[in-house]
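K.L.:
Structure of the sequence below:
(2 chains)
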Amino acid sequence: MNRRTAASLRLLAAAIPIALAAALGFSPKARGGPSTPQVKVLIVTSTDAEATALVDSLALSTTIAVDGLAAELPPVRCNDAGVCLLVTGAGKARTAASVAAAVLSGALDLSRAYFVIAGLARIDPSEGTVGSVAWAKTAVDYGIAWELDARAIPSAWSTGYLGISATSPTDKPTSMFGTEVFALSAPLAEKAMALTKTTTLADAPAAQTYRAMYASPPATSAPSVLACDTTTSDTVWHGQLLGQRAHDWVALLTDGATTYCTMQQSANAAIEALQRGDKSQLDATRIAVVYAASAFDRPYPGQTAYDSLRADAGGGTISAQNLATVVSAFVTAVVDDWADWETGVPP
Amino acid sequence: VRLRDRSLSLAPLPAIALLFASFAPSCSSDGSSPASPPIATPTDAGSDEVSTDAFDEEASTDASTGGSGGGAGAAGSAGNAGSGGAAGGSQARAVKVMIIDMSGIEALGIVSALGLTEKVPVPGLSKSDPNVHCNADDVCQLTTGMGYANAAASMTALVLRGGFDLTRTYFVIAGIAGIDPAQGTLGTAAWARYVVDVGYAYEIDAREMPSGFPYGYFGIGASTPSDLPSNDYASAVVQLDEDLLQAVLSLTKGVTLGDAPDAQAFRAHYPSAPANQPPVVTQCDIASSDTWFAGKALTSRARDFTTLVTGGKGVFCMSAQEDNATLEVLRRADASGKLSLHRVAALRTASDLSAPYPGQSDSDGLLGSLTQGGLGPSTGNLSLVVTPVVNAIVQSWATWKDGPPKG
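P.N.:
Numbering: from 1, shown residues only, chains lettered A, B, ... in the order given. Now for the predicted structure:
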């Protein structure tokens, strides 16, 4: 290659990202001003494994550096339709830090954005099965609590967990941290469900074999799109007894209005971080939460809790795939009909 | 103050930390130290994610996918520009000391003692504590809100939107906690060398755990409680700067701490020192988790896990509900040059002994943990211990401005 060609290629290489940015309305000087890219949907996942299929299916090929993210995690990735994806890192600390950075850095215009907090979770076999995808209306924190070892509890208690400053596990605690229970927009959750409930989900022989070990539907049924609620905890608890506590705790904190279904490590932290944006920065009623079940939260009959926790339920690949399918379907509907969504969830 | 009084439910609550106590002599007796504990230090804050397909286990992150500075060309300066003017702008206020509290009752005495009367609103802080408080000496204070999510969100707001120059700032995490009676007592003030996340873990109810397990918790990706976690995050175990630790210990070890008659009466139930002795300033380590655990078995677990992940060097002592989240944000800001992790110290004072005294049940100990008499001394002692550190830094800034004085 001659010198002139090389120079041209260098110029071209330099121009490509600028052209991409221009196509997106992105400006190198993005700083919360009018030239900051307007995001229509921000997808938030914990891990890159959860994000990969979405990055592919939504062609999220442009990267946006956001101050405050962790250097070891990917940058925000976007497409030219205004869809972006943030990988936060697993657990509450990283999730809250990363989402707060996305909100507060000024690198993204989120003022009209819908937020889809999406990831993999474990599921209660009485509510769903491996490969299912669940839209939540309520996110309850499982971990903000008092705890004793269950072997040392009074005979009247069913579990070692109880609310902070409560007198027993059945005594409803007051919200003290502000992050214990988040009620999400019901119209948004219902619209997301309506748009995706007939989505064809993937399944796999290993998942079919594994779920057949459970006693009854829905655990033994094929995966489906569900409307059911979620809990957040850094502690990956497992088993019949801690699963029963999840059920009882969620019912207690929501006065029976909510049924526990999936457990994960991020939702309440992400939602709290989104609350930190003021009304000019984002609309906190535009938050959807969806988790795909990669595994169960408790054993099948005859299996120990320990073996269940460590088992491969065959759901790793299909859950990531199904999450991407369902989230993509929802996101595509929003951006394709943006005129209907821009001012709020359409009827 | 009784936390369980419903009339207080909207007031800032004691930061909820915990303690533990079985009466083993010490928590650092394990001789089987791992060769390479996953410790993030101020000079080695890398991540050690490993790949797995379970939702709760971090996927491998390929460094080549780019960090926050490594995106496509157009993006690089966009991210830098988003820092809200905090980092190094010519008019940015250069803070000498930033005190980080988690609740209003931790903040009250410090704000008063240091005359932090100037309110600086910072976008993104919690709605109940929207201002940083400062004085004319460029000493400031922040209240994050309680728990991991609040701590990480508020710290991110401080770093990105505070408008401060934090490049030479000393950060002092200052909160109340529960204490292991093997390490201290009501009112004890402890500076940490290690801060360990004990909540990021697997758990099976102890009534259905494998036989031979001492408790139901074990590390994520681990097979047993004695195995190192195979999956942590970079701030799951943090070692703080040793020069700074020694400097603050030296400045505060002679401080006479406050005490109270009801705290004295409560600690007299314990049969041995240090639980039944007056409080002093000491060095021992912090475990944090959103879950406020108590009782003998979970205390043992916190001791064991701290020992395990620090290679036998850490001594579990104070249990708190925020510090690893706070440190994750500080780690990120250190990596991008906004501040230095070498300038971070963590102080916790004991509001409660969460493990029971002999003859008391675990549940009686836990249910009474905020009525032991330690709330007043612990909150008062925070300002008694923080003040001499702040005074030394401000009055001898020439000695401190380039880093913690050595030896």
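
K.L.:
Spatially central residue in chain B, please.
P.N.:
B:D323 (3.1 Å; Cα atoms, centre = their mean).

K.L.:
phi, psi of it?
P.N.:
Dihedral angles of B:D323 (phi, psi; degrees, to the nearest 10) stand at phi -70, psi -40.

K.L.:
So it is in contact with B:A346, correct?
P.N.:
Yes: counting by Cβ atoms under 8 Å, B:D323 does reach B:A346; the two are 5.9 Å apart. The C-beta positions use only the backbone N, C-alpha and C, and glycine is treated the same way.

K.L.:
that older thread, separation between the residue nearest to the centre of chain B and chain A?
P.N.:
Using Cβ to the nearest Cβ, to the nearest Å, B:D323 is found at 10 Å from chain A.

K.L.:
Could you find the closest non-adjacent residue to that residue?
P.N.:
B:S288 (4.4 Å; Cβ to Cβ, 6 or more residues apart in numbering or on different chains).

K.L.:
how about low-confidence regions in the chain?
P.N.:
Reading this off chain A. Counting by pLDDT under 70, chain A has low-confidence residues at A:1-35.

K.L.:
not quite, I wanted chain B
P.N.:
If you take pLDDT under 70 as the line, chain B has these spans: B:1-90.

K.L.:
again, only this time at 90
P.N.:
Along chain B, segments meeting pLDDT under 90 span B:1-91, B:231-232, B:354, B:370, B:406-407.

K.L.:
Show me where it has its helices.
P.N.:
Ranges of helices within chain B are B:73-81, B:104-113, B:148-161, B:242-252, B:261-267, B:296-309, B:323-335, B:362-367, B:375-395, B:397-400, based on DSSP state H.

K.L.:
which of those helices sits most buried?
P.N.:
Most buried of these, by mean neighbour count (mean count of other Cβ atoms under 10 Å in any protein chain shown): helix B:148-161, with a mean of 31.

K.L.:
And the strands in the stretch 101-250 of chain A?
P.N.:
Using DSSP state E, counting those that start in this stretch, the strands of the stretch 101-250 of chain A run over residues A:114-123, A:133-136, A:138-141, A:145-148, A:161-162, A:181-183, A:225-227, A:229-232, A:236-238.

K.L.:
Out of those strands, flag the one nearest chain B.
P.N.:
strand A:114-123 (3.1 Å; Cβ to the nearest Cβ).

K.L.:
Was I right to think A:S224 contacts A:V130?
P.N.:
No: counting by Cβ under 8 Å, A:S224 stays clear of A:V130, with 11.5 Å between them.

K.L.:
Can you pick out the residue with more neighbours from those two?
P.N.:
A:V130 (29 against 17; other Cβ atoms under 10 Å in any protein chain shown).

K.L.:
Setting aside sequence neighbours, what's the nearest residue to the more buried one?
P.N.:
Nearest-residue entry for A:V130: A:G315, 3.6 Å, with adjacent residues in sequence omitted and distances by Cβ to Cβ, 6+ apart.

K.L.:
Might one say that that neighbour is in contact with A:A293?
P.N.:
Yes: under the contact definition of Cβ under 8 Å, A:G315 touches A:A293, with a separation of 6.3 Å.

K.L.:
Touching both of these two, which residues are there?
P.N.:
A:V130, A:G131 (Cβ atoms under 8 Å, 6 or more residues apart in numbering or on different chains).

K.L.:
ok, the two, which is more surrounded?
P.N.:
A:A293 (34 against 31).

K.L.:
mind checking the backbone torsions on the more buried one?
P.N.:
The phi/psi pair for A:A293 (degrees, to the nearest 10) is phi -80, psi 110.

K.L.:
Next, count neighbours for the residue nearest to it when sequence neighbours are not counted.
P.N.:
In this structure, A:A293 finds its nearest non-sequential neighbour in A:I123, 3.7 Å apart by Cβ to Cβ, 6+ apart. For A:I123, the neighbour count with other Cβ under 10 Å is 34.

K.L.:
Then the one 3 residues further on?
P.N.:
Other residues within reach of A:S126, judged by other Cβ under 10 Å, total 17.

K.L.:
roughly how far apart are it and A:E147?
P.N.:
24 Å (Cβ to Cβ, to the nearest Å).

K.L.:
cool, and B:A189?
P.N.:
26 Å.

K.L.:
and A:G178, what is it in contact with?
P.N.:
Contact partners of A:G178, counting by Cβ under 8 Å, 6+ apart, are A:E272, B:S126, B:S128, B:G145, B:N150.

K.L.:
next structured bit after the helix or strand hosting A:A292?
P.N.:
Element membership of A:A292, judged by DSSP states H and E, is strand A:287-296. Using DSSP H and E, the helix or strand that follows strand A:287-296 towards the C-terminus is helix A:305-310.

K.L.:
Can you list the buried residues in the next helix or strand after that next one?
P.N.:
Sequence order places helix A:316-336 as the next helix or strand after helix A:305-310, per DSSP H and E. Neighbour counts using 16 or more other Cβ atoms under 10 Å in any protein chain shown place A:316-335 of helix A:316-336 among the buried residues.

K.L.:
now helix A:316-336: how far from the chain's centre is it?
P.N.:
12 Å (Cα atoms, centre = their mean, to the nearest Å).

K.L.:
C-alpha coordinates for that helix, CSV please?
P.N.:
Provided in CSV are the C-alpha atoms of helix A:316-336 (Å, rounded to 0.1, in the frame of the first residue of the first chain):
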residue,chain,number,x,y,z
GLY,A,316,-27.8,-21.4,31.1
THR,A,317,-27.9,-21.0,27.4
ILE,A,318,-31.7,-21.0,26.9
SER,A,319,-32.3,-18.5,29.6
ALA,A,320,-29.9,-16.0,28.1
GLN,A,321,-31.3,-16.6,24.7
ASN,A,322,-34.9,-16.3,25.9
LEU,A,323,-34.1,-13.1,27.9
ALA,A,324,-32.7,-11.6,24.7
THR,A,325,-35.7,-12.7,22.6
VAL,A,326,-38.2,-11.2,25.0
VAL,A,327,-36.3,-8.0,25.7
SER,A,328,-35.6,-7.5,22.0
ALA,A,329,-39.3,-7.9,21.2
PHE,A,330,-40.3,-5.3,23.8
VAL,A,331,-37.5,-2.9,22.9
THR,A,332,-38.2,-3.2,19.2
ALA,A,333,-41.9,-2.4,19.8
VAL,A,334,-41.0,0.7,21.8
VAL,A,335,-38.6,2.1,19.2
ASP,A,336,-40.6,1.1,16.2
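
K.L.:
who touches the helix or strand following it?
P.N.:
Downstream of helix A:316-336, the first helix or strand assigned by DSSP H and E is helix A:338-341. If you take Cβ under 8 Å, 6+ apart as the criterion, helix A:338-341 is touched by A:K40, A:G82, A:Y114, A:V334, A:P346.
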